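> Okay, predicted coordinates and the sequence, questions at the end:
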There are 2 protein chains.
Amino acid sequence: MHLAADATDCGFYRIVKPYKSGFLMKFCSQCGTRVELRIPEGDSLPRFVCGACHTIHYQNPRMVVGCIVEWEDKVLLCRRAIEPRYGLWTVPAGFMENGETTYQGAARETLEEANARIEMGPLYALYNIPHINQVYILFRARLLDLDFKAGAETLEARLFSENEIPWDQIAFATVRNTLTHYYGERRKGEFKFHMGTIEPLKK
Amino acid sequence: MHLAADATDCGFYRIVKPYKSGFLMKFCSQCGTRVELRIPEGDSLPRFVCGACHTIHYQNPRMVVGCIVEWEDKVLLCRRAIEPRYGLWTVPAGFMENGETTYQGAARETLEEANARIEMGPLYALYNIPHINQVYILFRARLLDLDFKAGAETLEARLFSENEIPWDQIAFATVRNTLTHYYGERRKGEFKFHMGTIEPLKK
């Protein structure tokens, strides 16, 4: 999962070469028959379709929700205890679950990864990552107390001021970009919403 | 699919009773064995798990992407030719597909539902709908020409000025709320981003 391309801030429509991959599906989850990949009648994209029970298995992008957790002039980062990017630093974030809102998901991830309690703030960034079928949604949030510690998927959770940020050990370009914008705007005293698209790293 | 509760604008964390339902899965899509619903080791939520090949089948919320399409003082609405809410009016919107960005998805839906070409504008609203595992993402957009017409899932596509909007025939509360905000803000000459959560209609 390479996310090392730069994000482009853009409020306007932008062409990114679509890559339609999803999860490979072999059997129908409703009846257990082998599925085929074909364009259903009236549709325009190939789907996994069951010839026996006629279920069409749609696949859609997933949301990764997280937050920039603030404490005075510092931000909370987590060092990853899982792949990809084991050992590198990131903001608390993860896949949004069914039954929750985007802010609940971001708060849950912060609790799971850093045992940190927060007050959620405004939406800060939305990044499309079409080649891996993901959308990143990041909020600003305020840390409520210093009683945090690494969760199961985290080696270490720590507060960093701007000059302490380990820029060459940040796990994802999305996060590096977001932190760069964040500190630049904090110096100016005005935050704005960021939207962009992450493209695959050119080989 | 009842979406008739009011949206609440809110940039802060808000508790909504979680309803963890997803799609019912009976067979493993990788090996065809019957799956069971249980909490995998190290996890905290029940998932469909295959006892034979050990695949964990995660289910996540889906995004509905769409736009408020502007032409002079008018907005483009589509009368639905499909359930739910057959015959009622809505903005062009639909499920985001793999391989596209949120803006590409919104533009594609506008083309599919109203054969309308647009220039995409800024993000206008994000609504969480946790009880049906959806997130609505709506942009403002500018209609490029008047050569539009109803697509296959639309009975009729039409431009409406504010006093022509059929308020009692709008398909979804999300859309009614968004249009109310939109016209109020347009009168003031300043648009802002809206975020909220839609709860189920109280019986």
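Looks like it came in fine. Please read all numbers here as calculations on a predicted model, not as lab measurements.
> From B:T33, how far out is the spatially closest residue to A:E36 that is not a sequence neighbour?
Closest residue to A:E36 apart from its sequence neighbours, by CB to CB, 6 or more residues apart in numbering or on different chains: A:V49 at 5.9 Å. No exception for glycine: its C-beta is placed from N, CA and C like everyone else's. Distance from A:V49 to B:T33, counting by CB to CB, to the nearest Å: 21 Å.
> and the longest strand that chain A contains, what other elements does it pack with?
For chain A, the strand that runs over the most residues, judged by DSSP state E, is strand A:118-129. Applying 3 or more CB pairs under 8 Å, 6 or more residues apart in numbering or on different chains; DSSP states H and E, we find strand A:118-129 packed against strand A:62-71, helix A:102-114, strand A:134-143, helix A:173-188, strand A:194-198, helix B:102-114.
> Quick check: which ranges of chain A have low pLDDT?
A:1-21, A:202-203 (pLDDT under 70).
> Distance to B:Y58 added to the helices and strands packed on strand A:118-129, as a markdown table?
Below are these laid out as a markdown table (distance: least, CB to CB, whole Å):
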| stretch | distance to B:Y58 |
| --- | --- |
| strand A:62-71 | 9 |
| helix A:102-114 | 13 |
| strand A:134-143 | 13 |
| helix A:173-188 | 21 |
| strand A:194-198 | 22 |
| helix B:102-114 | 21 |
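> so can I have JSON lines of these showing distance to B:I56 and mean neighbour count?
JSON lines is the format used below for the helices and strands packed on strand A:118-129 (distance: least, CB to CB, whole Å; neighbours: other CB atoms under 10 Å in any protein chain shown):
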{"stretch": "strand A:62-71", "distance to B:I56": "14", "mean neighbour count": "24"}
{"stretch": "helix A:102-114", "distance to B:I56": "17", "mean neighbour count": "24"}
{"stretch": "strand A:134-143", "distance to B:I56": "18", "mean neighbour count": "22"}
{"stretch": "helix A:173-188", "distance to B:I56": "25", "mean neighbour count": "18"}
{"stretch": "strand A:194-198", "distance to B:I56": "26", "mean neighbour count": "23"}
{"stretch": "helix B:102-114", "distance to B:I56": "27", "mean neighbour count": "24"}
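> Relative to B:Q169, tell me which of the ones you listed wins on proximity.
Smallest distance to B:Q169 across the helices and strands packed on strand A:118-129 (CB to CB): 16.8 Å, for helix B:102-114.
> roughly how far out does the closest one sit from the chain middle?
In terms of CA atoms, centre = their mean, to the nearest Å, the centre of helix B:102-114 is found 12 Å from the chain centre.
> Stretch A:77-84 too?
13 Å.
> ok, and what's touching that stretch?
Applying CB atoms under 8 Å, 6 or more residues apart in numbering or on different chains, the contact partners of stretch A:77-84 are A:1, A:86-92, A:113-114, A:150-160, A:165, A:171.
> what do you get for stretch A:37-50?
A:20, A:25, A:28, A:30-31, A:33, A:35-36, A:55-59, B:29, B:97, B:152.
> Can I get that stretch in CSV? Just the C-alpha atoms.
Presented in CSV, the C-alpha positions along stretch A:37-50 are these (Å, rounded to 0.1, in the frame of the first residue of the first chain):
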residue,chain,number,x,y,z
LEU,A,37,-17.4,-11.3,-13.1
ARG,A,38,-19.7,-9.6,-15.6
ILE,A,39,-21.6,-6.4,-16.4
PRO,A,40,-25.2,-6.9,-15.2
GLU,A,41,-28.0,-5.7,-17.4
GLY,A,42,-28.6,-2.0,-17.1
ASP,A,43,-25.2,-1.5,-15.4
SER,A,44,-21.9,-0.2,-16.8
LEU,A,45,-19.3,-1.8,-14.6
PRO,A,46,-18.3,-5.5,-14.1
ARG,A,47,-19.6,-7.0,-10.8
PHE,A,48,-19.4,-10.4,-9.2
VAL,A,49,-22.7,-11.9,-10.0
CYS,A,50,-24.2,-15.3,-8.9
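> Give me the buried positions along that stretch.
Of the residues in stretch A:37-50, those with enough neighbours to count as buried (16 or more other CB atoms under 10 Å in any protein chain shown) are A:47-50.
> re earlier: can you turn the buried subset of the contacts of stretch A:77-84 into a selection I can paste into PyMOL?
Paste this into PyMOL to select the buried members of the contacts of stretch A:77-84, with burial taken from 16+ other CB under 10 Å:
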select buried, chain A and resi 88+89+90+91+92+113+114+150+151+153+154+157+158+159+165+171
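> Just list the residues touching A:A52, thanks.
A:28, A:31, A:33.
> Relative to B:F27, how far out is it?
Distance from A:A52 to B:F27, by CB to CB: 11 Å.
> got any residues that touch both of those two?
Counting by CB under 8 Å, 6+ apart, the residues touching both A:A52 and B:F27 are A:28, A:31.
> got the buried residues for stretch A:122-129?
So stretch A:122-129, judged by 16+ other CB under 10 Å, has buried residues A:123-129.
> partner residues bridging A:T154?
A:R80 (DSSP bridges).
> how close does A:L24 get to A:F48?
9 Å.
> Pull up the overlap in contacts between the two.
Joint contacts of A:L24 and A:F48 (CB under 8 Å, 6+ apart) do not exist.
> hmm, back to that, out of the buried residues of stretch A:122-129, which comes closest to chain B?
Distance to chain B across the buried residues of stretch A:122-129 (CB to the nearest CB) is lowest for A:N128, with 3.6 Å.
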